[in-house]
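In: only geometry, no sequence info:
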């Protein structure tokens with residue numbers, strides 16, 4: 001399966017809330033709540049978010065519980081900024097992947113010639129996309145810095161997996177670096193370092 005097409009699918013899974021019901025997936029509009037530097041406790045909701053539910057179990061749940069479950073997973077992705085990428089075989093659902101997403105990703109990966117490796121790639125890509133989305137919503141500077149650094153660390157994998165072009169990756173890198181530094185020299189130095197990590201070159205002519 002083409003990685004770019006799969007990246008689009010996972011990006012959609014990140015951008016929309018998912019519900020598995022009677023063999024179909026219904027997409028809901030995401031919440032626009034402000035991202036905070038906290039992880040929502042599972043006890044705040046009617047269903048345990050650490051439990052992995054089947055498609056049949058999810059289909060019997062209230063839509064609001066599914067939405068809240070998704071919100072917990074999105075918040076967990078923010079808390080996962082220090083975690084290393086997932087590695088194969090991935091036998092348990094990470095907290096930053098909701099049960100509906102877990103079902104979708106396993107279904108997509110099962111059609112790949114190397115399902116275990118594809119599942120890990122999709123899970124890591126989903127976390128990356130959630131952290132990108134969280135950064136766009138975040139207002140707390142400390143959260144933005146942690147997310148920016150986490151995203152920068154993952155950029156080489158996104159490029160090597162052909163999930164984005166070097167040009168796109170470098171554009172994202174520069175945008176992130178400009179949120180981390182105000183000194184132009186520091187921006188240039190960090191941009192050069194990050195560009196090298198993805199096999200690119202960076203050069204700005206000094207005025």
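Out: Perfect, I can see it now. The structure presented is a predicted model; accordingly, all values stated were derived computationally and were not measured.
In: Show me how far stretch 163-171 is from its chain's centre.
Out: Distance of stretch 163-171 from its chain centroid, counting by C-alpha atoms, centre = their mean, to the nearest Å, is 16 Å.
In: May I see the buried residues of the host helix or strand of residue 196?
Out: Here residue 196 is covered by helix 184-197, with elements defined by DSSP states H and E. By neighbour count on 16 or more other C-beta atoms under 10 Å, the buried set for helix 184-197 is 187, 188, 190, 191, 194, 195. Every residue, glycine included, has its C-beta placed from N, CA and C.
In: Of all the residues in stretch 135-150, which ones are buried?
Out: 135, 137, 138, 143, 144, 145, 146, 147, 148, 150.
In: which one of the residues you listed is nearest residue 62?
Out: Distance to residue 62 across the buried residues of stretch 135-150 (C-beta to C-beta) is lowest for residue 137, with 25.2 Å.
In: thinking again about what came up before, helices or strands up against the helix holding residue 196?
Out: Counting contacts by 3 or more C-beta pairs under 8 Å, 6 or more residues apart in numbering; DSSP states H and E, helix 184-197 is packed against helix 141-160, helix 166-180.
In: Quick check: mean pLDDT of it?
Out: Across helix 184-197, the average pLDDT comes to 95.
In: which secondary element of the protein has the worst mean pLDDT?
Out: In the chain, the helix or strand scored least confidently by mean pLDDT, DSSP states H and E is strand 24-28, which has a mean of 28.
In: hang on, the earlier thing: out of the buried residues of helix 184-197, flag the one nearest to residue 95.
Out: The closest of the buried residues of helix 184-197 to residue 95 turns out to be residue 194 (C-beta to C-beta; 28.0 Å).
In: Does the closest one touch residue 154 like I think?
Out: No: with contact defined as C-beta atoms under 8 Å, residue 194 does not count as touching residue 154 (11.4 Å).
In: would you list every one of the helices in the protein?
Out: For the chain, the helices defined by DSSP state H occupy 3-15, 55-59, 63-79, 99-110, 115-137, 141-160, 166-180, 184-197.
In: Could I get those in TSV, plus columns for distance to residue 85?
Out: TSV is the format used below for the helices of the chain (distance: least, C-beta to C-beta, whole Å):
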stretch	distance to residue 85
helix 3-15	14
helix 55-59	27
helix 63-79	13
helix 99-110	15
helix 115-137	5
helix 141-160	7
helix 166-180	16
helix 184-197	15
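In: What is the burial count for residue 180?
Out: Per other C-beta atoms under 10 Å, the neighbour tally for residue 180 reads 14.
In: Once you drop chain neighbours, what's closest to residue 150?
Out: Sequence neighbours aside, residue 81 is the residue nearest to residue 150 in space, at 4.0 Å (criterion: C-beta to C-beta, 6 or more residues apart in numbering).
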